[in-house]
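**Student:** Have a look; sequence and predicted model below, questions after that.
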Amino acid sequence: MKFDTPATRNPIDQMRVVGKPIDRIDGPRKTTGTAPYAYERHDAAPNQAYGHVLGAGIAKGRIVSMDTAAAKAAPGVVAIVTTLDMPPLAKGQTNVALLFGGAEVHHYHQAIAVAVAETFEQARDAAAMIRVSYAPEPGRFDLAAAAKDAPLSSGDSEEGSGAPAEDRVGDFEAAFAAAPVRLDATYTTPDESHAAMEPHASIAAWEGEKVTIWTSNQMIAWGKRDLAKTLGIPAANVRLDSPFVGGGFGGKLFLRADAVMAALAARAAGRPVKVALTRPQVANNTTHRPATIQRIRVGAGRDGRITAIAHESTSGNLKDGKPETAVQQTKLLYAGANRLTSLRLAELDLPEGNAMRAPGEAPGLMALEIAMDEMAEKLGLDPVEFRVLNDTQVDPEHPERPFSQRQLVQCLRQGAERFGWNRRNARPGERREGNWLVGMGMAAGFRNNMLTKSAARVRLDREGVVTVETDMTDIGTGSYTIIAQTAAETMGLPIEKVVVRLGDSDFPASAGSGGQWGANNSTAGVFAACMKLREAVAQKLGFNSADAVFAEGEVRAGNRRAPLGQAAGEGGLVAEDLIEYGDLAKRYQQSTFAGHFVEVGVDAFTGETRVRRMLAVCAAGRILNPKSARSQVIGAMTMGVGAALTEELSVDKRLGFFVNHDLASYEVPVHADIPHQEVVFLDEADPISSPMKAKGVGELGLCGVGAAVANAIHNATGIRVRDYPITLDKLLDRLPPVA
Amino acid sequence: MRPFTYERARSPAEAAAAAQRPGARFIAGGTNLLDLMKLQIETPAHLIDVNGLGLDRIEAAPEGGLRIGALVRNTDLAADERVRRDYGVLSRALLAGATGQLRNKATTAGNLLQRTRCPYFYDTNTACNKRQPGSGCSAIGGSTRGLAVIGASEACIATHPSDMAVAMRALDAVVETVRPDGTERAIPVAAFHRLPGDTPHIETALEAGEFITAVTLPPPAGGRQFYRKVRDRASYAFALVSVAAVVQRDGTGRVALGGVAHKPWRVEAAEGELPRGAGPAMAAILEGARPTHENAFKVKLAERALAAVLAEAKG
């Protein structure tokens, strides 16, 4: 199905199943522990051995020698594979860091060996017995030091948020110099870890030349392609299966060492091998959100209208890596005739920086939306009003491109109303409750809506059950449920009559889970396949498909009706199709919007910040399932609190690694940190986005939250912190004196 | 985790005797030891399980205090009516630590013997005098935000992570032990934990094989009791700074600090300054502090945390 003109009325608009807050259909399996994650696929292949990965103990240099004698002789050991056994493996299309092979060490905890044994404990013990001799080399680990000479670089995060190296509209410098009210400030965001509950894990089994990987991955088609390339085998010889994923956040978009090491270990052991990365390896072996240094300049007239806006960001990465596209949203969020954005990239020898939930916009808005708060203060304007004043309904760089829908102002207005924004004291540091300094902050949320083709296969059986197969993944988001709702709606079935099977590379290739594109695109693909199935059904039963009504498990036309299953016959009826897109995304700018509102208390004595309440008002097209969508947004808001207050991979700038590589020291929010959260979705359907008229929300829920927290801290204390995370040590010197 | 042998001890004396075996370690709740074994930071050859020794009672001590069995779980100790009534600082400290699940397993003696959370101690690729004596200290000059500001040495700047021990220090608790030769002794908690000096791997006054049987609290100190733990997130985090305080009506009292040193930090001689306020008192308590650039904030934080406690004591 080619989607190249705006959607008209279609079966999804019935909204009998779609749009309902249906419990997730995989919920009972999740809550009873019967939804197996990759490492738990004990029955997938017989006689599984355990592989344990050894990570490099230096950040940069060369391995001189590896002594595996003791490891090989250890009890239960089946095989030892070391990086010196083979040349550097080819890199997958989406990989920056080398995953295995050769003597060169490019970053700390790069995989350099895998020990395979009968038990997990034996494998772990054997891996520790491998004696490695290194020739370390000095590395570059300090972004601030490297930023000075960092060259311009364009960026594309693989999650769609691309940005050119430098982009200019009008004459920024002249307009900024002429502006009566100006801000020029620099903000920093730290390296962050995805820290999914489930670590990266894979089981590999070879059958002749073919390998099957039961894994935990967001993007099955990418994983299949890149594993084949890395191993140097035809893609047809690789199968990936990832039906349940215990959190991804972008950390499992790509092929990582777990899958490669499992495949190599299984080949060496001659039997299936399972591998999970350890928690420290998740921090230093896999990818992370790279730190940024962002300079923002805003010039405005005294009326509050922005006349000049510049956003320049510098980040670091391994050689051939990409910059964090933190300036992306600044191209689109606010009006202003004179604009400049630029990206610089410093080469560092830290682990690979890559996409993490809302790459680009998440750290970009953490900076931009503090800058907007600061400007509002300079202008003496309410922060909500300042944003409303600078709203744009067209792409400011290309005014001929309207937004397909843009209800940012409505999000902000409704949010302000619901949150009681009018009770905020515009003078900071004046509201006190006991020992708490209390403040409110807000920020705009923004994240683009990306379109990418997505295929599905649907099968009808004689019982009237429709089975959907697509390699789409459910990383905790609710994909199973919204796909079932889509098929049920389109085929006129109750949701109980739909079976959804996901995550297998033998299924048609989907959009996958990333860039908050999964929901809209994967369901649109399922819709396309179902529409094809409807035609096949109508034809089989002798209906004119244009007249046929699919409802309550029947096909009806005029006074004739037939049960759906009747069309299936003995062998069932199968249809496969994909959604693919024309140029609507070029003609219209498609984005999602939010107003984030936060109230914090800051302990007047200690500077501890505790969030008191949060509200997100989101405009993101049709909400396919308000319950799972809300889960996505509150999870993202929680992540935003972490980014604002605690999350920072601490870099040892001498040794070149992330020091706090466990969940005791890399502090994500715990339950006690997260108070009342409220989420409102504006009633919206965007006919430009797809036949589903939906967009993404999973990343929107994060975008802007950090700045809303920062702005609330400022409102509470009068202290402006521009370096995340806003830990108490950054407030302490400027808090009011205590007796 | 290296392979190890395992036995269940049947009496404290038997446990102490068995512990003379090379590489032997006691295991109770295992909430710290097992994690460290998995990382091969601890590599005991032999584990002596002491859970079955019946040391899990809290009894009235003859002199008017409480005698807490070494194996009393943190949850039970925090919930004990006498502890809640007469030793509030201890109950509060316990409840500020770890999680419900961990407190259900963790024991009184084990809590005292927790090892540091210095991140370099936890990464076996780095040098650490505590993990591998003589290898050096990677933390000095590295990531030090959570590390010691006072009492540290050129060999080690780690902190002691326990909350409970800080309260025990404020309460003048006494650690009772039995040695492999069967002799018993009582070690004031003040002398129990050591500063790192040149031997940061030696963390307590315990001799080889010496086994903790109980911790005794003296008669109630009265006053109002506080445990103010300051941390980045609201729960499940180690203290940046914590203040255990017993404050009397007249403004006198006792203060012990967590998160600042290799052991619970208390300077009795400085406590005379308490009636003059948090500033003078903390200046005396932390006199001679040598923080790093990254953790200098702890000095001010300790003063402000104490100010919060003193304000609450007045209120």
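**Tutor:** Cool, got the structure.
**Student:** what residues does the stretch 551-700 of chain A put near chain B?
**Tutor:** Where the stretch 551-700 of chain A comes near chain B, counting by CB under 8 Å from any CB of the partner chain, the residues are A:603, A:605-608, A:610, A:645-646, A:650-652, A:654-655, A:657, A:659-662, A:664-665, A:667, A:669-673. (Glycine included, C-beta is placed from N, CA and C.)
**Student:** switch to 10 Å and redo it
**Tutor:** Proximity of the stretch 551-700 of chain A to chain B, by CB under 10 Å from any CB of the partner chain, involves residues A:603-611, A:641-642, A:645-648, A:650-655, A:657-665, A:667-675.
**Student:** PyMOL command to pick out the buried ones of the residues you listed?
**Tutor:** Only the buried entries of these go into this PyMOL selection, using 16 or more other CB atoms under 10 Å in any protein chain shown:
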select buried, chain A and resi 603+604+605+606+607+608+609+610+611+641+642+645+646+647+648+650+651+652+653+655+657+658+659+660+661+662+663+665+667+668+669+670+673+674+675
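**Student:** Sitting in strands, which of the residues of the stretch 551-700 of chain A next to chain B do you find?
**Tutor:** The members of those that map onto strands under DSSP state E are A:603, A:609-611, A:651-652, A:657-658.
**Student:** Please report how far the residue of chain A most remote from its centre lies from chain B.
**Tutor:** Of all residues in chain A, residue A:559 has its C-alpha farthest from the mean position, at 49.4 Å, by CA atoms, centre = their mean. Distance, residue A:559 to chain B, using CB to the nearest CB, to the nearest Å: 64 Å.
**Student:** rewinding a little: name the nearest of the ones in strands among the residues of the stretch 551-700 of chain A next to chain B relative to residue A:501.
**Tutor:** Nearest to residue A:501 among these: residue A:658, at 37.4 Å, using CB to CB.
**Student:** And the furthest pair within the ones in strands among the residues of the stretch 551-700 of chain A next to chain B?
**Tutor:** Farthest pair in these, by CB to CB: A:603 and A:657, 32.7 Å.
**Student:** okay, now the domains of chain A?
**Tutor:** The record's domain parsing of chain A by automatic domain parsing lists A:2-32+A:451-582, A:48-138+A:197-247+A:252-285, A:155-191+A:289-449+A:590-734.
**Student:** quick one, which of the ones you listed is nearest to residue B:259?
**Tutor:** Short answer: domain A:155-191+A:289-449+A:590-734, nearest of those by CB to CB, at 12.2 Å.
**Student:** For the closest one, measure first residue to last.
**Tutor:** Terminal residues of domain A:155-191+A:289-449+A:590-734 are spaced 38 Å apart (CA to CA, to the nearest Å).
**Student:** Show me what from the stretch 101-250 of chain A comes close to chain B.
**Tutor:** Proximity of the stretch 101-250 of chain A to chain B (CB under 10 Å from any CB) is limited to residues A:108-109, A:120-122, A:124-125, A:128-129, A:132, A:134.
**Student:** Next, check these against the helices and list the overlap.
**Tutor:** A:120-122, A:124-125, A:128-129 (DSSP state H).
**Student:** Switch those over to JSON lines; also include distance to residue B:228 and pLDDT.
**Tutor:** Compiled in JSON lines, those are given as follows (distance: CB to CB, whole Å; pLDDT from 0 to 100):
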{"residue": "A:120", "distance to residue B:228": "42", "pLDDT": "97"}
{"residue": "A:121", "distance to residue B:228": "41", "pLDDT": "96"}
{"residue": "A:122", "distance to residue B:228": "46", "pLDDT": "97"}
{"residue": "A:124", "distance to residue B:228": "40", "pLDDT": "97"}
{"residue": "A:125", "distance to residue B:228": "43", "pLDDT": "97"}
{"residue": "A:128", "distance to residue B:228": "41", "pLDDT": "97"}
{"residue": "A:129", "distance to residue B:228": "46", "pLDDT": "98"}
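**Student:** Is residue A:602 bridged to anything, and to what?
**Tutor:** residue A:437, residue A:609 (DSSP bridges).
**Student:** What is the neighbour count of it?
**Tutor:** Neighbours of residue A:602 under the rule other CB atoms under 10 Å in any protein chain shown: 27.
**Student:** dump the residue contacts of the closest residue to residue B:118 other than its chain neighbours.
**Tutor:** Closest residue to residue B:118 in three dimensions, ignoring its sequence neighbours and counting by CB to CB, 6 or more residues apart in numbering or on different chains: residue B:158, at 4.1 Å. By CB atoms under 10 Å, 6 or more residues apart in numbering or on different chains, the contact list for residue B:158 reads B:115-121, B:128-130, B:137, B:139, B:146-148, B:152, B:196, B:200, B:203, B:261-262.
**Student:** List only buried entries from the ones in helices among the residues of the stretch 101-250 of chain A next to chain B.
**Tutor:** A:120-122, A:124-125, A:128-129.
**Student:** I appreciate the help and will end here.
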